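[1] attaching a predicted model along with its sequence, questions to come.
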Amino acid sequence: SSDLAKPMTRTELLFGLSKPGGEISEAQWQAFVDDTITPRFPDGLTVLDGAGQWKDSKGDISHERSKILLILHERDPGTLKKLDEIRAIYKKRFDQESVIRESSDALVSF
């Protein structure tokens, strides 16, 4: 039955949109989704807009627009490898220090 919940993993990747010399544009982000994320997760994904902040080493608060990628997936090492490839490509392409990955158990009904 489609109402029966299935154990899966819920992963969020947090992508900062600031980069040295400016900000990653919507067109640049969409190109990244199209050429890097979608081929690895063709069955579906969700992208949310975010607004983050953090304290730097001097104690100053910095603000940054972000994108949050939400993927519900099977619990397997191959999927985590794909997620880490996405993170590595983003960091290299857009000169980022980090892309946060957070995963948790989920019960999913379709």
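    In hand now; what should we look at? Numbering: from 1, shown residues only.
[2] which residue packs closest to the most centrally placed residue in the chain, ignoring adjacent ones?
    Note on the chain: the residue nearest the mean C-alpha position is Leu13, at 2.5 Å, using Cα atoms, centre = their mean. Sequence neighbours aside, Leu69 is the residue nearest to Leu13 in space, at 4.3 Å (criterion: Cβ to Cβ, 6 or more residues apart in numbering). Every residue, glycine included, has its C-beta placed from N, CA and C.
[3] how near is the one you found to Asp60?
    Relative to Asp60, Leu69 is positioned 28 Å away (Cβ to Cβ, to the nearest Å).
[4] ok, the two, which is more surrounded?
    Leu69 (22 against 8; other Cβ atoms under 10 Å).
[5] how close does the more buried one get to Thr11?
    On the measure of Cβ to Cβ, Leu69 and Thr11 end up 8 Å apart.
[6] check Gly22 too.
    28 Å.
[7] tell me which of these two has more neighbours.
    Neighbours per residue (other Cβ under 10 Å) separate Gly22 from Thr11, with Thr11 holding more: 18 against 8.
[8] so that one bridges to which residues?
    Ile71, Ser103 (DSSP bridges).
[9] again with the one 4 residues further on
    Beta-bridge partners for Phe15, by DSSP bridges, are Lys67.
[10] please begin residue numbering at 12 from this point
    Sure, I'll start counting at 12 from here, so that last one is Phe26.
[11] ok, now which ones touch it?
    Each residue near Phe26 by Cβ atoms under 8 Å, 6 or more residues apart in numbering is listed here: 40, 77-80, 101, 107, 110.
[12] pull up the pairing partners for the worst-scoring helix or strand of the chain on mean pLDDT, direction included.
    Across the helices and strands of the chain, mean confidence by mean pLDDT, DSSP states H and E is lowest for strand 29-30: a mean of 90. Its sheet considered, strand 29-30 pairs with strand 33-34 (antiparallel) by DSSP bridges.
[13] below-threshold pLDDT in this structure: ranges please.
    Across the chain, the ranges flagged by pLDDT under 70 are 12-13.
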